[in-house]
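K.L.:
Predicted model, plus sequence, below.
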Amino acid sequence: MPEIRNGTTYSPPSIFLCTLICCWILVNPVRGYSLKKCTVRESLNDTNMKVICGKKNLQTIPEDIPRKVRSLDLSINNIVMIKTFDFKDLSALQSLNTSCNRISHVDDGAFSGLVVLQELNLANNRLNTLSDHLFQGLGNLSVLRLDYNHIKIISSSTFQNLSSLNVLNLTGNQLNGLVNLKMLHLASNRLSKINIRATMFRVCSALEKLDLSWNRIKYIHYGELKSPPFSLLPSLKILIISSQHPFGMLNIPANFLKDLKYLVAFSARSLNMKSFHPNTFIYTTFVVP
C-alpha cells in the first residue's frame, strides 16, 4: 500500500530505489566527481585515481585535492609558485604535471612528501635557478622534465639524491651552471649521433659519469669524426653506450674516445658491432680493447 507523507504519495518501490541510490553514492563515488576547480577520474577509493585541473585559470595549487590521488594534472594554468605545503598530504602521488604555467619559484622541499613520485613535469615554465634541495625526497623519480624554462644556474647538489632518475630533459634553457655536475643520465632519450656532439657537453666539464645507453646512436663507418663527441669532458671516468637501437651502434669511430685519458670504465654491450678502428683506444690510459 502506498505511503502518504505531507500530502505526497510514495510507493514502496520508489522508496527502495531512492534509498539504494543514496547508499551507492555514499559507498562508491562516481566517475567524474568534481571538486571546486578540478575533476576526479575514477572513484575516490580507486587506486588509479586521477585528478585533472588543467585549463582552469588557477593561480595557486588547489587545497581540496584527494589524498589518494595517483596522477595530478595542473597544466595550462597561471600558477606562479609552488609552496612548501602545497603537496604535503599527497604521499600516494606517482605522476605530477605542472607544465605550461608561469612558475618562477619552487620552495625547497616542496616535493619532499611525494615519496613515490615517478614522473615530474615542470616544462614550459619560468624557472631560473635550480637550488640544492629543490628535489629533496624524490628518490623514486625516474622522469624529470625541465625543458623550455629560463634555467641558467643549476646548483651542485640539485640532482644528487635522484638515484632512480632515467630521463632528464633540459631542452630549451640557458644553462651555465653545470660546472660541478658529476653524473648525467641520458638513457632512453632517442638521441642519435647528431645529438651527441662536443658542444652538447660544453658546460659539464667536471662530469665523471655519462650514461647514453638505450638511445639511437649509430655510425656507418669507423673513420675519424670532425668533432669527437666527448672532447670537452676531460674528467670523464665512466662512459656507458650499451644497447643502441634499433640495429646497434655498428661501428666505433677512430677518435670516438679522444681526450678521455682518465676513462676507467667503458660499457659497450649489445651494440651489434661490425668493427672498430685499431686506434680507438689509444686515447685511454686505463681502458684497452
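P.N.:
Received, thanks.
K.L.:
residues contacting Gly109?
P.N.:
Taking CB atoms under 8 Å, 6 or more residues apart in numbering as the definition of contact, the neighbours of Gly109 are Thr84, His133, Gln136, Gly137. (Glycine included, C-beta is placed from N, CA and C.)
K.L.:
helix or strand for it, which one?
P.N.:
Per DSSP states H and E: Gly109 is located in neither a helix nor a strand.
K.L.:
From Asn173, how far off is the nearest residue in space to it that is not next to it in sequence?
P.N.:
Excluding the flanking residues, the one nearest Gly109 by CB to CB, 6 or more residues apart in numbering is Gln136, at 5.1 Å. Counting by CB to CB, to the nearest Å, the gap from Gln136 to Asn173 is 21 Å.
K.L.:
Just give me the neighbour total for Leu191.
P.N.:
Residue crowding around Leu191 was assessed by other CB atoms under 10 Å; the count is 17.
K.L.:
Let me know the pLDDT of it.
P.N.:
With respect to pLDDT, Leu191 scores 83.
K.L.:
what are the ranges of the strands in the stretch 51-200 of the chain?
P.N.:
With DSSP state E, counting those that start in this stretch as the criterion, the stretch 51-200 of the chain has strands at 71-73, 81-82, 95-97, 105-106, 119-121, 129-130, 143-145, 153-154, 167-169, 183-185.
K.L.:
Following the least confident helix or strand in the chain by mean pLDDT in sequence, what is the next regular element?
P.N.:
For the chain, the helix or strand with the lowest mean confidence is helix 12-27, at a mean of 44 (criterion: mean pLDDT, DSSP states H and E). Past helix 12-27, heading to the C-terminal end, the next element that is a helix or strand (DSSP H and E) is strand 39-41.
K.L.:
residues of that next one that come out buried?
P.N.:
Thr39, Val40, Arg41 (16 or more other CB atoms under 10 Å).
K.L.:
From those, which shows the smallest pLDDT?
P.N.:
Least confident of the buried residues of strand 39-41 in the model: Arg41, at 85.
K.L.:
Can you list the low-confidence ranges for the protein?
P.N.:
Low-confidence segments of the chain, defined by pLDDT under 70: 1-34, 43-45, 176-178, 275, 288-289.
K.L.:
rerun at 50
P.N.:
In the predicted model of the chain, residues 3-5, 8-10, 14-33 satisfy pLDDT under 50.
K.L.:
What about Ile153, how many residues nearby?
P.N.:
Here the neighbour count serves as a burial measure; for Ile153 (other CB under 10 Å) it reads 14.
K.L.:
any idea how far it is from Asp64?
P.N.:
The gap separating Ile153 from Asp64 is 35 Å, by CB to CB.
K.L.:
just Asn48 next, same as before
P.N.:
Noted for Asn48: a distance of 20 Å to Asp64, by CB to CB.
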